[in-house]
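# quick one: sequence and predicted model below, then my questions.
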Amino acid sequence: EAGVAQSPRYKIIEKRQSVAFWCNPISGHATLYWYQQILGQGPKLLIQFQNNGVVDDSQLPKDRFSAERLKGVDSTLKIQPAKLEDSAVYLCASSRGGSGEQYFGPGTRLTVT
Amino acid sequence: KNQVEQSPQSLIILEGKNCTLQCNYTVSPFSNLRWYKQDTGRGPVSLTIMTFSENTKSNGRYTATLDADTKQSSLHITASQLSDSASYICVVSAGGATNKLIFGTGTLLAVQP
């Protein structure tokens, strides 16, 4: 069974630029999560999708971050405009249902200069 | 406030030695507790999962314990190997339909030859 795929693996941008991350969850997993992991900290949930609907986006900075999962499979997370404090690893995870075990992708390491 | 605290923050041990990592949590309601291993540049991978009624769970050289009364968990690594060098994250599930996970900040373990 293929794992959660993410791209790109690394991205370096200047502040105020835009960036987008892509995630392909494990086949059949209805729930998809985006996390932000700042160096030395545990992951922080940004947004949770159940199929193509948002379940929890309470910690998503909506003035600059957006995410979508239009067909209930792949998802994209966008930052516009980026700030220095957005430098982090962005992890995507998926699970069969809302209470199932979450499987994580390798993450995208974003550096904002 | 739901919180997961881990100690120590970092640890250096010699190859072949044992070590124990600690996790204290204040999460309610409690559904389960997981220990994840996160290699550098990779997403977290689940090592063990324990529910309220389980005291001990083993996975090879990894043994996790849970004391639901004191809200403490430990992860014991036996006969450490160089490949055990990673961050170990304690994660508590608050349960419910959203399966909200509360992450600790992790213990960074370095195993030296």
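That came through fine. Being a predicted model, the structure only gives us computed values, none of them experimental. Residues are numbered from 1 along each chain as shown, chains lettered A, B, ... in the order given.
# would you mark the buried spots in the strand or helix carrying residue A:45?
For residue A:45, the host element (DSSP states H and E) is strand A:44-50. The neighbour-count check on strand A:44-50 (16 or more other Cβ atoms under 10 Å in any protein chain shown) flags A:45-50 as buried. For every residue, glycine as well, the C-beta is placed using N, CA and C.
# and the furthest pair within the residues you listed?
Farthest pair in the buried residues of strand A:44-50 (Cβ to Cβ) is A:46 and A:50. Separation: 15.1 Å.
# got any ranges where chain B has weak pLDDT?
Counting by pLDDT under 70, chain B contains low-confidence ranges at B:96-99.
# and the helix or strand of chain A with the lowest mean pLDDT, which strands flank it?
The helix or strand of chain A with the poorest confidence is strand A:53-56; it has a mean of 92 (mean pLDDT, DSSP states H and E). Strand pairing for strand A:53-56, determined by DSSP bridges: strand A:44-50 (antiparallel).
# count of neighbours near the residue nearest to residue A:39 when sequence neighbours are not counted?
Counting by Cβ to Cβ, 6 or more residues apart in numbering or on different chains, residue A:39 lies nearest to residue A:88, which is 7.3 Å off, once chain neighbours are set aside. Residues within reach of residue A:88, counting by other Cβ atoms under 10 Å in any protein chain shown, total 20.
# same question, residue B:110
12.
# residues in contact with it?
Contact analysis of residue B:110 by Cβ atoms under 8 Å, 6 or more residues apart in numbering or on different chains lists B:10-13, B:85.
# can you tell me which of the residues you listed lies closest to residue B:23?
Taking Cβ to Cβ as the measure, residue B:23 lies nearest residue B:11 of the contacts of residue B:110, at 13.6 Å.
# spell out which parts of chain B neighbour chain A.
Within reach of chain A by Cβ under 8 Å from any Cβ of the partner chain, chain B has these residues: B:4, B:31, B:34, B:41-46, B:49, B:89, B:91, B:95-101, B:103-106.
# run a quick neighbour tally on residue 6.
Just going to use chain A. Here the number of neighbours of residue A:6 (other Cβ under 10 Å) works out to 23.
# that answer is for a different chain, and I need it for chain B
Counted with other Cβ under 10 Å, residues neighbouring residue B:6 total 22.
# from what I can see it touches residue B:23, true?
Yes - the criterion here is Cβ atoms under 8 Å, and residue B:6 meets it with residue B:23 at 5.2 Å.
# what is in contact with those two at once?
B:90, B:104.
# just the residues of chain B next to chain A: which are in strands?
Members of those lying in strands (criterion: DSSP state E): B:4, B:34, B:45-46, B:49, B:89, B:91, B:101, B:103.
# alright, I will stop here.
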